[in-house]
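S.K.: No letters, just coordinates:
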């Protein structure tokens, strides 16, 4: 069973000619089969955690450790982290002009699996996954995310999740910008992957609405670069009723 262990993680970023510490000692363990929701106000460090785990060069880890099955994640390049089983669904998926969705997906699967998937079975696999996510088959020949709506970009992220089958999936505000129908379809895709029990999910969100579809095992409240409180799914209900004010004002400590 794959385990992602984050211990005393400190991360800085360069902003306005100054170094700013964003993460100030994060401790978290995510195991395969578990779903952890990270919630908190804007600027609390949620997305910084996601991108630091994925290896974004904008963020500098200044302390702490991150391991996946005992292997040092921080020593890995971005592509090595992906091959090791880490997956990031981005809040703002980027456009990749000149690269079709079909080529992108097959190249990604080849890199993860170590060999190219057999074309006949791969085409069937992709078509079935696209149908479940209500993605027009014509999108397979379009350039990655080019001209896609926000909802289409998010569905494409979950399509990657379903096809690449990572050990640990980090979903950074997958619900942002989605209407009710798109949110349901995307959530169903996440749940299909979760039902296999083979993926640990780190779900980052501001709002509880996605948690009506994706039930977390654990909820963690982020505030000022730390986890201020952890609990079960009932903690999300508390946040729905009370908001983040108590955490922002320092009323609850880790």
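M.R.: Nice, thanks for sending it over. Fair warning: this is a prediction, and the values are worked out from it, not measured in the lab.

S.K.: Residue 168 contacts residue 68, doesn't it?
M.R.: Yes - between residue 168 and residue 68 there is a contact under Cβ atoms under 8 Å: 6.8 Å. C-beta coordinates here come from the backbone N, C-alpha and C atoms, glycine included.

S.K.: Neighbour count for the two, which is higher?
M.R.: Taking other Cβ atoms under 10 Å, residue 168 and residue 68 do not tie; residue 168 has more neighbours (25 against 21).

S.K.: Relative to the whole chain's centre, how far out is stretch 133-141?
M.R.: Distance of stretch 133-141 from the chain centroid (Cα atoms, centre = their mean, to the nearest Å) equals 22 Å.

S.K.: re the thing from before, which neighbours do residue 168 and residue 68 have in common?
M.R.: With contacts defined as Cβ atoms under 8 Å, 6 or more residues apart in numbering, the residues shared by residue 168 and residue 68 are 2, 4, 85, 86.

S.K.: How much space separates the second one from residue 241?
M.R.: Same thing as residue 4. To residue 241, residue 4 is 30 Å away according to Cβ to Cβ, to the nearest Å.

S.K.: again with the last one
M.R.: From residue 86 across to residue 241, the span is 34 Å (Cβ to Cβ).

S.K.: Which of the two has more residues huddled nearby?
M.R.: Using other Cβ under 10 Å as the criterion, residue 86 and residue 241 rank with residue 86 on top: 24 against 8.

S.K.: beta partners of the nearest residue to the more buried one once chain neighbours are set aside?
M.R.: Of all residues not flanking residue 86 in the chain, residue 168 sits nearest, at 5.4 Å (Cβ to Cβ, 6 or more residues apart in numbering). Judged by DSSP bridges, the bridge partners of residue 168 are residue 86, residue 200.
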